[in-house]
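Chemist: Give me coordinates for this.
(one chain, ligands or ions: 1)
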Amino acid sequence: MSNLKVIQADITTLKVDAVVNAANKTLLGGLGVDGAIHRAAGPQLLEECRQLHGCETGQAKLTKGYNLPAKFVIHTVGPIYSGVINDNNLLSDCYINSLELAKKNGLHSIAFPAISTGAYGFPMEKAAKIAFATVKNWLESNSSYDIEVLMCAFDKKTLELYHNELIK
Ligand code: AR6
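Modeler: Residues are numbered from 1 along each chain as shown. Now for the predicted structure:
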């Protein structure tokens, strides 16, 4: 049985098979959740990321978790919000491709941050609707695969929004 949960946490503290990183196309680190994940994982993460030669928006790539409690990191690149419809599709792709990568690697728990809602400017409410609709749909379409999905809110306001989306 798969399940979807909402939590408020620093994603770098979560003991899951994979944490998702809201990275940029270089995959060479940055601020926000990306910076926090690289700091907590240690310099070996950047070394492995250098071998990946970047990542396109909406796509996802896997590395080890190094010093993180999580075994792996799934790096995905959210869209920089500009208000066009394609932003929504690309954000949805981030969730789908991360889940597909987790499944392909036999991972059974994954934690997502609120991709694109910080530096990349995606409105939180809109992003939350897309994130939950996408993940629920993926879980339904992959109901024979067991995976626990944690939607990780960094602050209380996001947690409340996430709770509302969870029960919809
Ligand atoms: N745990 C969980 N969530 C967090 C954490 C954390 N430790 N830190 C921040 N958040 P952002 P983006 C939340 O800016 O918008 C980087 O420089 C935060 O509150 O990290 O996809 C990359 O290198 C927000 O809701 O990612 C890229 O250049 C959410 O994570 C760019 O920022 C995403 O905020 C990506 O921007």
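
Chemist: contacts and neighbour counts: CA atoms only from here.
Modeler: OK.

Chemist: Keeping just the C-alphas, turn the helix or strand containing residue 102 into CSV.
Modeler: For residue 102, the host element (DSSP states H and E) is helix 85-104. Provided in CSV are the C-alpha atoms of helix 85-104 (Å, rounded to 0.1, in the frame of the first residue of the first chain):
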residue,chain,number,x,y,z
ILE,A,85,0.8,27.3,-19.0
ASN,A,86,4.1,25.5,-19.6
ASP,A,87,5.3,26.3,-16.1
ASN,A,88,2.5,24.1,-14.8
ASN,A,89,3.5,21.2,-17.1
LEU,A,90,7.1,21.5,-16.2
LEU,A,91,6.4,21.6,-12.5
SER,A,92,4.2,18.5,-12.9
ASP,A,93,7.1,16.8,-14.8
CYS,A,94,9.4,17.3,-11.9
TYR,A,95,7.2,15.3,-9.6
ILE,A,96,6.5,12.6,-12.2
ASN,A,97,10.1,12.1,-13.3
SER,A,98,11.3,12.0,-9.7
LEU,A,99,8.7,9.3,-8.8
GLU,A,100,9.6,7.4,-12.0
LEU,A,101,13.3,7.5,-11.1
ALA,A,102,12.5,6.3,-7.5
LYS,A,103,10.5,3.4,-8.9
LYS,A,104,13.2,2.5,-11.5
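
Chemist: tell me which parts of the chain are close to the ligand?
Modeler: Residues of the chain found near the ligand (CA under 6 Å from any ligand atom) are 10-12, 22-24, 29-34, 36, 78, 113-121, 153-154.

Chemist: how about 5 Å then?
Modeler: Proximity of the chain to the ligand, by CA under 5 Å from any ligand atom, involves residues 10-11, 22-24, 30-33, 113-120, 154.
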